[in-house]
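Engineer: how would this look folded up:
(3 chains)
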Amino acid sequence: MFKLLMPRDTQFNVMFTEMSANITQGATLLKEIFADFTDLPVRIQQLKTIEHRGDEITHTILIKLNKTFITPFDREDIHALAASMDDVLDYIYAAGLRIVTYKVTSPPRACALTAEIIIKQAHQIAKAVKNLEDHENVLACCVEINFLENEADRVTQEAMAELFETETNPINLIKLKELLETLERSTDKAEDVANVLESIVLKSR
Amino acid sequence: MFKLLMPRDTQFNVMFTEMSANITQGATLLKEIFADFTDLPVRIQQLKTIEHRGDEITHTILIKLNKTFITPFDREDIHALAASMDDVLDYIYAAGLRIVTYKVTSPPRACALTAEIIIKQAHQIAKAVKNLEDHENVLACCVEINFLENEADRVTQEAMAELFETETNPINLIKLKELLETLERSTDKAEDVANVLESIVLKSR
Amino acid sequence: MFKLLMPRDTQFNVMFTEMSANITQGATLLKEIFADFTDLPVRIQQLKTIEHRGDEITHTILIKLNKTFITPFDREDIHALAASMDDVLDYIYAAGLRIVTYKVTSPPRACALTAEIIIKQAHQIAKAVKNLEDHENVLACCVEINFLENEADRVTQEAMAELFETETNPINLIKLKELLETLERSTDKAEDVANVLESIVLKSR
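Structural biologist: Purely as a prediction, here's the structure:
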């Protein structure tokens, strides 16, 4: 009924869709980087461009929020959704950056696995954002995002145990431990996105 | 007056009470583990079961939230309270898990002390949740939880100084530093619970 | 119009102004400490006094919030603003404390640079708090705080790369890495303050 009375605000939808496409692009590039370290500086620069594009979209969303009187859902939630989606991408870039800063040459296999999990979370975020008015679907996406975060926890956990088992150089251990943690944190931030999406759906019931 | 008109929603109270009992159980098991490392794998598995039970209760609270029209306090606060209580338990389990992953054999005495502080915080959380309609008591519990968090900070701080003073093996230092930090983070999350409780009381005045 | 009808609540303004002055004082002392390690224990004690003063102001704000029926902006936002300002100071003190705990003697030059950035953020927070009713100015301060946070990221990033390039003692590396991260986290918390300020302005439009 409400939908009949009020035109759907497509612009926010468009921007959040663009944002999730951008996260997917970043996660995909990160996975490709882990598969092959050729041309590392160029590709980390591409990742930085994607991260910067994320900042721009976030900023555009906040500017629009300032100029819009009626929003499709609570102002604070639009703000929180934009901020948490931006966080996912920030950690994707932070992981890439650490490969360069730490001059990592042989990352644990868990890095590529976690990058793969981040891609799957990005797809679920895209699907949830697209269907934000269809509540049931959104909650199913949130469940899947949380499931994937648990999966990333398990993968990271096992890799960490193996790292402490086998790596005897403390400085290498510090580097790879932090790389694994940064990747895992990106999946945590995707869980934060799921929490905001869930909260939007809960409020609008 | 409001209380006369609306029946108190006991179900949320029951679930939050169960949640705090679960945190107390986890913290108590963690303290016992630090006192004696016998049968470590079995007991970390028990801790995992408790942590998993926490996830289930949190999920049940959110499902009920979806189906309830009138809630005893703001939907978002029920959500935030469940999430932050879950976080306390997550770090309790994370601390236990690190003992196994890092094959820790001689943890600093501060670990058992901090586990003891977490138990005390869990008791205050239980008390606050039980009296969530009696505002003064809740605020007193919050003050105590914050006091205990300061205490944990001090204990951790001293243990960290001693660790850097005495531990010459860098990999051991990394392990024990992170174990201490994980325990301290559980007390920080209890402070987050206190902040949500405080915020609920502030709003309802 | 609203301003004509309701007297501005100057007391919250006064307290938030005091809070920002306190952050500026802490950041300034921290910068002085990095410039010269003379009398370190005395000056870290002074920093602790400033941090403790921050806790007191935060507490006073929350007490007043309990006793005030009409507040200049949302209760939850006053709560969040006080808490996030307190966090900035907590990390300033945490950085100072680490110099003592880790017995740091030659901190990277980036430490003093980041302390300088924190001072600049503190000035912007003070300006924003002073003009909380003049929305445009507040948003400009938030943009500047976020710009400064990016600057701190860059400085920290470069220092970290150099640290991993040159420091061969793993325990020294752990200490200096954490010192750099703690300082950077203070600038992140200033960004959280900016987010609360931004959110207050967005809501009141």
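Engineer: from here on, just use CA atoms for contacts and neighbour counts.
Structural biologist: Fine.
Engineer: how near is A:Val155 to A:Thr187?
Structural biologist: In this view, A:Val155 and A:Thr187 are 12 Å apart by C-alpha to C-alpha, to the nearest Å.
Engineer: the more surrounded of those two?
Structural biologist: A:Thr187 (29 against 19; other C-alpha atoms under 10 Å in any protein chain shown).
Engineer: so who does the more buried one touch?
Structural biologist: A:88, A:117-118, A:121, A:148-149, A:152 (C-alpha atoms under 8 Å, 6 or more residues apart in numbering or on different chains).
Engineer: and with 7 Å instead?
Structural biologist: A:Thr187 sits next to A:118, A:149 when contact means C-alpha atoms under 7 Å, 6 or more residues apart in numbering or on different chains.
Engineer: list phi and psi for it.
Structural biologist: phi -70, psi -30 (degrees, to the nearest 10).
Engineer: what helix or strand is the residue sitting nearest the centre point of chain A located in?
Structural biologist: Nearest residue to the geometric centre of chain A (C-alpha atoms, centre = their mean): A:Val88, 3.0 Å. Per DSSP states H and E: A:Val88 is located in helix A:75-101.
Engineer: helices or strands next to the next helix or strand after that helix in the packing?
Structural biologist: Proceeding C-terminally, helix A:75-101 gives way to helix A:109-130 as the next helix or strand, assigned by DSSP H and E. Applying 3 or more C-alpha pairs under 7 Å, 6 or more residues apart in numbering or on different chains; DSSP states H and E, we find helix A:109-130 packed against helix A:10-35, helix A:135-166, helix A:170-203.
Engineer: mind checking how far A:Ala35 is from A:Tyr93?
Structural biologist: A:Ala35 is 16 Å from A:Tyr93, by C-alpha to C-alpha.
Engineer: with A:Thr17 instead?
Structural biologist: Distance of A:Thr17 to A:Tyr93, given as C-alpha to C-alpha: 20 Å.
Engineer: in contact with A:Ala128, which residues are there?
Structural biologist: A:137-138, A:141.
Engineer: and of these, the nearest to C:Thr105?
Structural biologist: A:Cys141 (50.9 Å; C-alpha to C-alpha).
Engineer: and the residue of chain A nearest chain B?
Structural biologist: Here chain A gets closest to chain B at one residue, A:Ala161, 5.1 Å apart by C-alpha to the nearest C-alpha.
Engineer: got a list of what that residue touches?
Structural biologist: By C-alpha under 7 Å, 6+ apart, the residues touching A:Ala161 are B:101-102.
Engineer: cutoff 10 Å now
Structural biologist: Residues in contact with A:Ala161 (C-alpha atoms under 10 Å, 6 or more residues apart in numbering or on different chains) are B:98, B:100-103.
Engineer: before we move on, what about A:Thr10?
Structural biologist: Counting by C-alpha under 10 Å, 6+ apart, A:Thr10 makes contact with A:16, A:72.
Engineer: so it versus A:Ala82, what's the distance?
Structural biologist: Taking C-alpha to C-alpha, one finds A:Thr10 at 16 Å from A:Ala82.
Engineer: now do A:Thr101
Structural biologist: Taking C-alpha to C-alpha, one finds A:Thr101 at 28 Å from A:Ala82.
Engineer: can you list contacts of stretch A:25-32?
Structural biologist: With contacts defined as C-alpha under 10 Å, 6+ apart, stretch A:25-32 is touched by A:19-24, A:33, A:35, A:43-44, A:46-51, A:54, A:88-93, A:95-96, A:111-122, A:186.
Engineer: of the residues you listed, grab the buried ones for ChimeraX.
Structural biologist: Filtering the contacts of stretch A:25-32 down to the buried ones (16 or more other C-alpha atoms under 10 Å in any protein chain shown) takes a single ChimeraX command:
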select /A:19,20,21,22,23,24,33,43,44,47,48,50,51,54,88,89,90,91,92,93,95,96,111,112,113,114,115,116,117,118,119,120,121,122,186
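Engineer: which residues do A:Val155 and A:Thr187 both contact?
Structural biologist: Residues touching both A:Val155 and A:Thr187 (C-alpha under 10 Å, 6+ apart): A:114, A:117, A:149.
Engineer: can you list the residues of chain A near chain C?
Structural biologist: A:62-63, A:65-69, A:74-76, A:79-80, A:83, A:97-98, A:100-103, A:169-172, A:174-175 (C-alpha under 10 Å from any C-alpha of the partner chain).
Engineer: switch to 8 Å and redo it
Structural biologist: Residues of chain A found near chain C (C-alpha under 8 Å from any C-alpha of the partner chain) are A:65-66, A:75-76, A:79, A:101-102, A:170-171.
Engineer: buried subset of those residues?
Structural biologist: Buried among the residues of chain A next to chain C by 16+ other C-alpha under 10 Å: A:65, A:75, A:79, A:101-102, A:170-171.
Engineer: nearest to B:Val193, of these?
Structural biologist: Nearest to B:Val193 among these, with distances taken as C-alpha to C-alpha, is A:His79, at 23.1 Å.
Engineer: so the closest one touches A:Leu62, yeah?
Structural biologist: Yes: counting by C-alpha atoms under 8 Å, A:His79 touches A:Leu62, with 6.8 Å between them.
Engineer: what about the residue of chain A closest to chain B, distance to C:Ala194?
Structural biologist: Plainly put, A:Ala161 is 39 Å away from C:Ala194 if you go by C-alpha to C-alpha.
Engineer: with A:Gln11 instead?
Structural biologist: From A:Gln11 to C:Ala194 the distance is 25 Å (C-alpha to C-alpha).
Engineer: the more surrounded of these two?
Structural biologist: Neighbours were counted for A:Gln11 and for C:Ala194 using other C-alpha under 10 Å; C:Ala194 has more, 27 against 12.
Engineer: who's in contact with that one?
Structural biologist: Shown in contact with C:Ala194 (C-alpha under 8 Å, 6+ apart): C:125, C:141-142, C:145-146.
Engineer: next: A:Lys48.
Structural biologist: Contacts of A:Lys48 by C-alpha under 8 Å, 6+ apart are A:Tyr93.
Engineer: pLDDT score for it?
Structural biologist: On the pLDDT scale, A:Lys48 is placed at 96.
Engineer: name the helix or strand for it, please.
Structural biologist: Under the criterion DSSP H and E, the helix or strand holding A:Lys48 is helix A:40-67.
Engineer: how about the residue of chain A at minimum distance from chain C, nearest residue that isn't a chain neighbour?
Structural biologist: In chain A, the residue that lies nearest chain C is A:Thr101 (5.1 Å; C-alpha to the nearest C-alpha). In space, and not counting its chain neighbours, A:Thr101 is closest to C:Ala161: 5.1 Å by C-alpha to C-alpha, 6 or more residues apart in numbering or on different chains.
Engineer: how much space separates that neighbour from B:Gly26?
Structural biologist: Remark: distance between C:Ala161 and B:Gly26 (C-alpha to C-alpha) = 40 Å.
Engineer: how about A:His52?
Structural biologist: Distance, A:His52 to B:Gly26, by C-alpha to C-alpha: 43 Å.
Engineer: with A:Asp55 instead?
Structural biologist: 41 Å.
Engineer: more neighbours: the two, which one.
Structural biologist: When neighbours are counted by other C-alpha under 10 Å, B:Gly26 comes out ahead of the other of A:Asp55 and B:Gly26, with 29 against 19.
Engineer: how about residues contacting stretch A:195-205?
Structural biologist: Here stretch A:195-205 makes contact (C-alpha under 8 Å, 6+ apart) with A:73-74, A:77, A:80-81, A:128, A:132, A:135, A:138-139, A:142, B:65-66, B:75-76, B:79.
Engineer: thinking again about what came up before, now the angle from the helix holding A:Val88 to helix A:40-67?
Structural biologist: 170 degrees (axes from the mean of the first three to the mean of the last three C-alpha atoms, to 10 degrees).
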